[in-house]
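> the following comprises the amino acid sequence and a computationally predicted model.
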Amino acid sequence: MNAKRALALNSKDNVAVAVENIESGEQITIEVKGSATRSIKALEPIPFGFKVALMNVPEGGSIVKHGEVMGRATKDIKMGEQVHIHNVEGMRAQREQGGRP
């Protein structure tokens, strides 16, 4: 079986976007623009268009997409887990609540 695919558009990114539905346990080939292709294992289902963690991110750690910080982890996120509103607070929400940028 071929590995599923996800894309990261910047070598600084710690998340990639699934370009197809990925099931738990499947291998994911991550195409990182300007860097080498790598492979990780999905720890849970990652729907098309959703983000997957490329590395472990500790609670409070930055979520980087397109080379920019787009949020903070609200709990520890393991490599291969889905990254979404259940474990990330977006930068906009933080500004509106007077939190850190």
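Thanks, I have it.
> so what's residue 84 closest to, chain neighbours aside?
The shortest distance from residue 84 to any residue other than its chain neighbours is 6.0 Å, reached at residue 50 (Cβ to Cβ, 6 or more residues apart in numbering). (C-beta placed from N, C-alpha, C; glycine too.)
> next, the contact list for that neighbour, please.
With contacts defined as Cβ atoms under 8 Å, 6 or more residues apart in numbering, the neighbours of residue 50 are 17-18, 82-84.
> next one: residue 27
Residue 27 makes contacts with 3-4, 39-42, as judged by Cβ under 8 Å, 6+ apart.
> ok, the residue nearest to residue 84 to residue 6 distance?
For residue 50, the distance to residue 6 (Cβ to Cβ, to the nearest Å) stands at 9 Å.
> then residue 75?
Shown here: residue 75 relative to residue 6, a distance of 21 Å by Cβ to Cβ.
> if you count what's nearby, which of the two comes out ahead?
For residue 75 versus residue 6, the count of surrounding residues by other Cβ atoms under 10 Å is larger for residue 6: 25 against 11.
> in which helix or strand does the closest residue to the more buried one other than its chain neighbours reside?
Distances taken as Cβ to Cβ, 6+ apart put residue 16 closest to residue 6, at 3.9 Å, once the chain neighbours are dropped. Secondary-structure element containing residue 16, defined by DSSP states H and E: strand 15-18.
> cheers, nothing more for now.
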